[in-house]
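Colleague: need coordinates for the following:
(one chain, ligands or ions: 1)
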Amino acid sequence: MSSVAPSVSPRTARPSHAPAPNPWTMALRQLHDTAGRLQLDPAIHARLASCQRELTVHFPVRLDDGTTKIVTGYRIHHSLARGPVKGGLRYAPGVSLDEVRALAMWMTWKSALVGLPYGGAKGAVDCDPKRLSAGELERLTRRFATELSVLVSPDRDIPAPDIGTDARVMAWFMDTYSMHIGHSEPGVVTGKPVSIGGSEGRFEATGRGVALCTRWAAERLAIPLANAAVVVQGFGNVGAVTARLLHEYGCKVVAVSEIKGGIYNPKGIDIRALRLYHQEHGSIADFPGTTPVSNAELLELPCDVLVPAAVEGQITSLNAGRLRCKLIAEGANGPTTPDADSILAERGISIMPDILCNSGGVIVSYFEWVQDLQFFFWAEDEVNERLRHIMGRAFDALWERADMTQQTLRAAALDIAVSRVAEALTVRGLYP
Ligand code: GLU
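Modeller: Numbering: from 1, shown residues only. So this is what the prediction gives:
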């Protein structure tokens, strides 16, 4: 029998005795440290340290067995200073308000860092989408879209996919919104199917961006990518596309994982064959020629590049001292805690920070929104080229600042992003 979300989640690689780092505490600590470096006006700092709007909804979903279940959802707007707010919708068991707050704040920094005219938002529903039938998922999504109608619209708040949601969920969301207003409004969400106004290249965009950032960072750090050993945590949209593209760049992907655990082969895994195996079996477990590893073990495997592409709080003070990589390319949002950041900096391990590294998704979401607003659609080559241009420009500016100020890439990225948002708040002034 399908049911909506019991709450304990196996989503992390953390040993069971270790407390989960609170993402909002992490995000506030990053902001606090950045405010100190920038000598930010305390009034601006205080405004950025809270989310501007937090909507919690409790709503009924009719299950296939005829009963109804009350589920809880959230939509949080961190900052509206730089434009309409943008950010994904996460469906995950046990998702908390603090997790959504942190993810919304990170969206603000991400858009500011790469120069998109957006503020940051995030939404979530506490449910386990894997345990819902297609009908239950559709009813949940349509009701959630209706509950969020007080906030979303193409000129105010534009949701997108995140963990546990996909193009199909975005199609239901767009259809529900459009039914209410009486005409099709593709620009209300991004990450839709191409047939209803989605963008070419959006599905792969986050992984494409992670792969590009990895390549540019490897060049600067003089890590040859040919045969470089890569470990990828997560085989969802981001992890799977990143693994495939890095494999195509000539890297040797030695380990990948999903929620339940991972697989390892120090000689390299054939990622194309793995994708077919995954499609057929619904899991990567027992892929021929590999040995099983736990998610915690996987992070500590020897490699050149480690790509955490699952959830927050995976690299902490408990395991940072044992990582054996040269570069971390953050496909997930918030995979590394501030304490782990300091340990890794001391150990000389570079981190391509999430707010740049995984920004390909929201960049192509921006392209999708622009195409929807203009009813004028671009070819995939054009999308990919513009993505490369925007990310390349942000990457160069970030590297230059980190070099100039002798800071970590994370500190330099936050400095650029937070000062842009602070500037917008300052020039707009305080109302009334
Ligand atoms: N959920 C993605 C992220 O965390 C994409 C957000 C978007 O496209 O708006 O960046």
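Colleague: specify the local secondary structure of the closest residue to the ligand within the stretch 151-300 of the chain.
Modeller: Of all residues in the stretch 151-300 of the chain, the one sitting closest to the ligand is A160 (3.3 Å; C-beta to the nearest ligand atom). C-betas here are computed from N, CA, C, even on glycine. What DSSP: H, G, I helix; E, B strand; the rest coil gives for A160 is strand.
Colleague: pull the number of nearby residues for it.
Modeller: Close neighbours of A160, defined as other C-beta atoms under 10 Å, add up to 27.
Colleague: that one: what's it in contact with?
Modeller: Contacts here follow C-beta atoms under 8 Å, 6 or more residues apart in numbering; on that basis A160 touches 86-89, 170, 189-191, 361-362, 365.
Colleague: if we look at the ligand, which of those residues are close to it?
Modeller: The subset of the contacts of A160 within reach of the ligand, by C-beta under 6 Å from any ligand atom, is 86-88, 190, 361-362, 365.
Colleague: which residue packs closest to the residue in the stretch 301-432 of the chain that the ligand sits nearest to, ignoring adjacent ones?
Modeller: Going by C-beta to the nearest ligand atom, the ligand is nearest to S365 of the stretch 301-432 of the chain, at 3.2 Å. Counting by C-beta to C-beta, 6 or more residues apart in numbering, S365 lies nearest to T190, which is 3.7 Å off, once chain neighbours are set aside.
Colleague: ok, the one you found - contacts?
Modeller: 86, 158-160, 170, 198-199, 202, 364-366, 368-369.
Colleague: what's the pLDDT at it?
Modeller: In this prediction, T190 carries a pLDDT score of 98.
Colleague: A20 too?
Modeller: Looking at A20, its pLDDT stands at 72.
Colleague: that one belongs to a strand, doesn't it?
Modeller: No. Counting by three-state DSSP, A20 falls outside a strand, being coil.
Colleague: ok, it touching G313?
Modeller: Yes. A20 is within contact range of G313, at 6.0 Å (criterion: C-beta atoms under 8 Å).
Colleague: between these two, which one's more packed in?
Modeller: G313 (26 against 16).
Colleague: report the beta-bridge partners for E54.
Modeller: I76 (DSSP bridges).
Colleague: who touches it in this structure?
Modeller: Contact analysis of E54 by C-beta under 8 Å, 6+ apart lists 74, 76-77, 97, 101.
Colleague: mind putting those residues into CSV with neighbour count, pLDDT and distance to the ligand?
Modeller: Below are the contacts of E54 laid out as CSV (neighbours: other C-beta atoms under 10 Å; pLDDT from 0 to 100; distance: C-beta to the nearest ligand atom, whole Å):
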residue, neighbour count, pLDDT, distance to the ligand
Y74, 24, 98, 14
I76, 26, 98, 13
H77, 24, 98, 13
L97, 16, 98, 17
R101, 22, 98, 14
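Colleague: E312 is in contact with P23, correct?
Modeller: Yes. In this structure, P23 is within contact of E312 by C-beta under 8 Å, at 4.7 Å.
Colleague: identify the contacts common to these two.
Modeller: Contacts common to P23 and E312, judged by C-beta under 8 Å, 6+ apart, are 99, 102, 334.
Colleague: from those residues, which land in helices?
Modeller: 99, 102 (DSSP state H).
Colleague: which of the shared contacts of P23 and E312 sits closest to I181?
Modeller: E99 (30.8 Å; C-beta to C-beta).
Colleague: residues from the stretch 301-432 of the chain in reach of the ligand?
Modeller: Taking C-beta under 6 Å from any ligand atom, the part of the stretch 301-432 of the chain that reaches the ligand is made up of 333, 358, 361-362, 365.
Colleague: the helices in the chain, which residues?
Modeller: Going by DSSP H, the chain shows helices at 23-38, 42-48, 97-114, 134-147, 167-181, 202-220, 237-248, 271-281, 295-299, 338-346, 354-357, 360-374, 380-405, 409-428.
Colleague: could you export those as JSON lines, including distance to N227?
Modeller: What follows is the helices of the chain, written out as JSON lines (distance: least, C-beta to C-beta, whole Å):
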{"stretch": "helix 23-38", "distance to N227": "34"}
{"stretch": "helix 42-48", "distance to N227": "43"}
{"stretch": "helix 97-114", "distance to N227": "31"}
{"stretch": "helix 134-147", "distance to N227": "42"}
{"stretch": "helix 167-181", "distance to N227": "35"}
{"stretch": "helix 202-220", "distance to N227": "12"}
{"stretch": "helix 237-248", "distance to N227": "11"}
{"stretch": "helix 271-281", "distance to N227": "14"}
{"stretch": "helix 295-299", "distance to N227": "20"}
{"stretch": "helix 338-346", "distance to N227": "24"}
{"stretch": "helix 354-357", "distance to N227": "22"}
{"stretch": "helix 360-374", "distance to N227": "25"}
{"stretch": "helix 380-405", "distance to N227": "23"}
{"stretch": "helix 409-428", "distance to N227": "24"}
